[in-house]
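Undergrad: okay, sequence plus prediction incoming.
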Amino acid sequence: FPYRKSAAKLGSALKIVCENWFKNRNILRVNQNIVRKYSYKLERHSHPKHRSPFFLKKHERYI
């Protein structure tokens, strides 16, 4: 059956697409984490009054 072959091709194509999508999502997540870390470092090294409370640890937060 030519049917089966095309179905298998479609399946493998879908699989590849899904795998790539997951990889991309993971890469995005990693990039976001890196950005977060670096912005956190930048925040930490800047003057305390300019720090945003979002980046501070609980005991570092000032009112």
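TA: Alright, I've got the coordinates.
Undergrad: and the helix or strand hosting Asn20, average pLDDT?
TA: Assessed by DSSP states H and E, Asn20 sits inside helix 2-45. Averaged over helix 2-45, pLDDT sits at 74.
Undergrad: packing partners of it?
TA: Helix 2-45 is packed against no helix or strand, with contacts defined by 3 or more CB pairs under 8 Å, 6 or more residues apart in numbering; DSSP states H and E. From N, CA and C alone the C-beta is placed, and that goes for glycine too.
Undergrad: begin at 53 from here
TA: With the count now opening at 53, the last piece we talked about shows up as helix 54-97.
Undergrad: contacts for stretch 72-89?
TA: The contact list for stretch 72-89, computed with CB atoms under 8 Å, 6 or more residues apart in numbering, is empty.
Undergrad: and it, what's buried?
TA: Using 16 or more other CB atoms under 10 Å as the test for burial, stretch 72-89 gives no buried residues.
Undergrad: alpha carbons of that stretch, as CSV, please.
TA: Taking C-alpha atoms only, stretch 72-89 is exported to CSV below (Å, rounded to 0.1, in the frame of the first residue of the first chain):
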residue,chain,number,x,y,z
ASN,A,72,12.4,20.5,17.4
TRP,A,73,9.6,22.4,19.1
PHE,A,74,10.5,20.9,22.5
LYS,A,75,14.2,21.6,21.9
ASN,A,76,13.4,25.2,21.0
ARG,A,77,11.2,25.6,24.1
ASN,A,78,14.0,24.3,26.3
ILE,A,79,16.5,26.6,24.6
LEU,A,80,14.2,29.5,25.2
ARG,A,81,13.8,28.6,28.8
VAL,A,82,17.6,28.3,29.3
ASN,A,83,18.0,31.8,27.7
GLN,A,84,15.4,33.3,30.0
ASN,A,85,17.2,31.8,33.0
ILE,A,86,20.5,33.2,31.8
VAL,A,87,19.0,36.6,31.2
ARG,A,88,17.4,36.5,34.7
LYS,A,89,20.7,35.6,36.3
